[in-house]
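Q: Could you work out the structure for the sequence below:
(4 chains)
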There are 2 protein chains.
Amino acid sequence: MNADTPAKRPGGRSARVQAAVHQAVTDLAAERDAAQLTIPAVAERAGVNPTTIYRRWGTLQALLAEVAALHGTDAQPPSSGDLRTDLEAYAVRTLADLTRPGGIAFFQAEVSPDIDERRSGLRECLRRATAGLDAVLEASRGRGETPPSLERLLDRIVAPLYFRVVFSVPGTDDAYARTLVAELFSQSA
Amino acid sequence: MNADTPAKRPGGRSARVQAAVHQAVTDLAAERDAAQLTIPAVAERAGVNPTTIYRRWGTLQALLAEVAALHGTDAQPPSSGDLRTDLEAYAVRTLADLTRPGGIAFFQAEVSPDIDERRSGLRECLRRATAGLDAVLEASRGRGETPPSLERLLDRIVAPLYFRVVFSVPGTDDAYARTLVAELFSQSA
DNA sequence: CCGCTAAAGCAGAGCGGTTTGCTTTAGTGA
DNA sequence: TCACTAAAGCAAACCGCTCTGCTTTAGCGG
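A: Okay, the predicted model is just below:
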């Protein structure tokens, strides 16, 4: 259930293999395209036998999902005292996550699997993407404010960012990310 | 260059094969998931030798792109006299395109290829998606109006639709599609 | 330090998509 | 109608991902 406690024998070797594989996935996702990101390729880069990956993770999607989950959790939002500032930071950070080399690869991996797998995989992907947003909203509510709904923020901030990154729309930079937040506020003001 | 004029011998058999393959792709995309949508599968369904598809289209992405292009062009927008009505119709139609069985498969196909291919493929995909929007905007300008920019409509209408369909967000229906347009107008009003 | 066993390594088989050389079919123009 | 040839069919080889049985390594508890 928990990736941090691999059940039986978390000792040195398993941990080393896991770390090497995670690193290999991150590296390869950054330098190769999605089509060349295969389990044998990851195994070779990690200096590990492919069989090990097949047995521990089963599918490439599962492995990518795990690595993506680590990426999502290691960078906790700083949480300032202002909703707009928080949202801008979130937007900029999300854009950075998506545009960094291979950042979109994990998103691709989630979109590709078959329908049944897709549901759970995308749930997780969406939940991870919105975790930062939830934190921002929670902080806002904690200050007695009534922030926009999560759905609204998805529509107005996250969706445009994903769309523009996926379609490589020019001019999709930090300033644009902040503009998305600004438009949201100029409307409700 | 042009899919409608296959260069040399557009006669009966080639046309039949092309039609059978296109139909097979459409059918399989609707009933199978992306992972099972392979060239051999398409060939079998179309009653055609896989070699033929490999030689004529080369890759599955190219084939999917061609089929998607046909889908995009066959349904011309009706074009009413009101911008908001046109946009609502466009939003509902786009949502229908994305949510119909296998509708997202073509989008997946565009996201998957390697980076270099991706650029051109996505350009085409985006151009196709925005062709209907362009027509709506052109009609609006023809009436002497000053409609929102294409970028704005992408951010506020198209992006949320794609995002919600890809992530299977519940409650993404026609009413929601119209709400996106409504919010756009309530803001600028 | 030693035995136990989970986990990694290894070799080989299997499977399916892809490629290739050649043959056959059938549109096209004379 | 007939020759020409583009395009489809066919069969076999190829290649790379995946799976399986077995061996080897090394963490862990006694």
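
Q: For the longest helix seen in chain A, give the mean pLDDT please.
A: For chain A, the longest helix by residue count, based on DSSP state H, is helix A:115-142. Helix A:115-142 shows a mean pLDDT of 77.

Q: Quick check: which helices or strands does that helix pack against?
A: Contacts defined by 3 or more CB pairs under 8 Å, 6 or more residues apart in numbering or on different chains; DSSP states H and E place helix A:115-142 against helix A:60-74, helix A:83-99, helix A:103-111, helix A:150-153. Bear in mind the C-beta positions are built from the backbone N, C-alpha and C, glycine included.

Q: Specify the angle between it and helix A:83-99 in degrees.
A: Angle of helix A:115-142 versus helix A:83-99, following axes from the mean of the first three to the mean of the last three CA atoms, to 10 degrees, is 150 degrees.

Q: still on that earlier bit, so for DNA strand D, which of the helices and strands packed on helix A:115-142 sits nearest?
A: DNA strand D sits nearest to helix A:60-74 of all the helices and strands packed on helix A:115-142, at 6.0 Å, using CB to the nearest atom of the strand.

Q: And chain B, is that closest one touching that?
A: No: using CB under 8 Å from any CB of the partner chain, helix A:60-74 never reaches chain B; the gap is at least 9.9 Å.

Q: Dump that helix to CSV, restricted to CA.
A: The C-alpha trace of helix A:60-74 is given here as CSV (Å, rounded to 0.1, in the frame of the first residue of the first chain):
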residue,chain,number,x,y,z
LEU,A,60,5.7,0.8,-17.0
GLN,A,61,2.6,2.8,-16.0
ALA,A,62,2.8,1.6,-12.4
LEU,A,63,6.4,2.6,-12.3
LEU,A,64,5.8,6.0,-13.8
ALA,A,65,2.9,6.6,-11.5
GLU,A,66,5.1,5.8,-8.5
VAL,A,67,7.9,8.1,-9.7
ALA,A,68,5.4,10.9,-10.4
ALA,A,69,3.9,10.5,-7.0
LEU,A,70,7.3,11.0,-5.4
HIS,A,71,7.8,14.1,-7.5
GLY,A,72,4.5,15.5,-6.4
THR,A,73,5.1,15.0,-2.7
ASP,A,74,8.7,16.1,-2.2
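
Q: still on that earlier bit, please identify the most buried of the helices and strands packed on helix A:115-142.
A: For these, the largest average neighbour count (mean count of other CB atoms under 10 Å in any protein chain shown) is found in helix A:103-111, namely a mean of 21.

Q: Which helix or strand in chain A has the lowest average pLDDT?
A: The helix or strand of chain A with the lowest confidence, counting by mean pLDDT, DSSP states H and E, is helix A:103-111 at a mean of 69.

Q: picking that back up, where among the helices and strands packed on helix A:115-142 is the average confidence lowest?
A: Lowest mean pLDDT within the helices and strands packed on helix A:115-142: helix A:103-111, a mean of 69.

Q: what distance separates the longest helix of chain A from the middle of the whole chain?
A: In terms of CA atoms, centre = their mean, to the nearest Å, the centre of helix A:115-142 is found 10 Å from the chain centre.

Q: now swap in stretch A:47-65 and tell me
A: Using CA atoms, centre = their mean, the offset of stretch A:47-65 from its chain centre is 19 Å.

Q: before we move on, what about stretch A:160-171?
A: 16 Å.

Q: State the mean pLDDT of that stretch.
A: 90.

Q: Give me the distance between A:Ala34 and A:Arg93.
A: Per CB to CB, to the nearest Å, A:Ala34 is found 23 Å from A:Arg93.

Q: Just give the nearest non-adjacent residue to A:Pro147, would you?
A: In space, and not counting its chain neighbours, A:Pro147 is closest to A:Ser140: 4.1 Å by CB to CB, 6 or more residues apart in numbering or on different chains.
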